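Student: how would this look folded up:
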Amino acid sequence: MLVAAAVCPCPPLLVPDVAAGAASELDAARAACTDALSVLAAARPDRLVVVGPADESGRGPHPEGTRGSFRGFGVDLDVCLGAANAAATASDTVPVEGGDGSGAPGRALPPSLAVAAWLLERVGWSDVPIEGLGVGEPLAPERCIHVGRDIAAGAERVALLVMGDASACRTLKAPGYYDERAAPFDAEVARALGAGDVAALRALDADLAYQLKAAGRAPWQVLAGAAEGAGLGGAVLYEDAPYGVGYVVASWS
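Tutor: You can find the predicted model right below:
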């Protein structure tokens, strides 16, 4: 059963070494992520599942101990999802079907899960088994819901760390250029996450999310599936659109 969730954005710029001279611009977002993770810790889960967007190479389960790197962003920095010496097996991981991938051993964490690993290392998260799941943008809403239900049924007390950005079309200089639909879409996402509104997350338009380059759509709908019947309340801890990309930090408990 899901007992708590934290929702965080996943730009590599959250990592100060990657942001370099612009690191201070996301200080408030980092602080909010820390606060959201404290809600997860306070819930005393038996298992933590980290869900984030991934391309084909990163989709599927990532066992505890999987490593990631920010070298692709010009920084000599490695991270690890949970204990480096974990001996997780395929039978211990979330379902392979959930991520549209094979879950083959030896893969590196996708960037979204590498950011999550960095956040967890930053707060010293330990003593709770951790698993990662990379989900692809094409994963249909009904499949996301099914995956979330499976995750919630995987342990008596499950917590989710849900990584994902809102639209990338908030300004002319945004990665996806300006789209007048972006701000209303992001506002509805923030409202739903702040209210713990499972039905609203389920109803997010996958096609519109794709057009607005909202990478968090599938992970948020996994959260919706996991949270069915859990009765959790939500709170938005941070909402802004630096660089023309919508970032939301929220906690559910």
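Student: now the helices: where do they sit in the stretch 101-250 of the chain?
Tutor: If DSSP state H, counting those that start in this stretch is used as the criterion, the helices of the stretch 101-250 of the chain fall at 111-123, 141-152, 182-195, 198-202, 206-211, 217-227.
Student: Quick one: those as CSV, columns for mean pLDDT, distance to V49 and mean neighbour count too.
Tutor: Where C-beta positions appear, they are placed from N, C-alpha and C, glycine not excepted. Shown next, in CSV, are the helices of the stretch 101-250 of the chain (pLDDT from 0 to 100; distance: least, C-beta to C-beta, whole Å; neighbours: other C-beta atoms under 10 Å):
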stretch, mean pLDDT, distance to V49, mean neighbour count
helix 111-123, 97, 11, 24
helix 141-152, 98, 5, 21
helix 182-195, 98, 18, 20
helix 198-202, 98, 17, 19
helix 206-211, 98, 22, 15
helix 217-227, 98, 8, 29
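Student: Need the ones you listed in TSV (columns: distance to P12).
Tutor: Listed next are the helices of the stretch 101-250 of the chain as TSV, based on distance: least, C-beta to C-beta, whole Å:
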stretch	distance to P12
helix 111-123	6
helix 141-152	24
helix 182-195	20
helix 198-202	25
helix 206-211	21
helix 217-227	17
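Student: how about those, which one is nearest P63?
Tutor: helix 111-123 (11.5 Å; C-beta to C-beta).
Student: next one: that closest one to chain centre, how far?
Tutor: Relative to the centre of its chain, helix 111-123 is centred 10 Å away, using C-alpha atoms, centre = their mean, to the nearest Å.
Student: what's it in contact with?
Tutor: For helix 111-123, contacts defined as C-beta atoms under 8 Å, 6 or more residues apart in numbering pick out 8, 10-12, 14-15, 33-34, 37-38, 41, 50, 52-54, 58, 62, 66, 68-70, 72, 79-82, 108-109, 130, 132, 134, 161, 163-164, 215.
Student: which residues sit in contact with the residue positioned nearest the centre of the chain?
Tutor: Residue closest to the average C-alpha location in the chain (C-alpha atoms, centre = their mean): M163, at 1.4 Å. The contact partners of M163, taken as C-beta under 8 Å, 6+ apart, are 8-10, 50-53, 112-113, 115-116, 216, 219.
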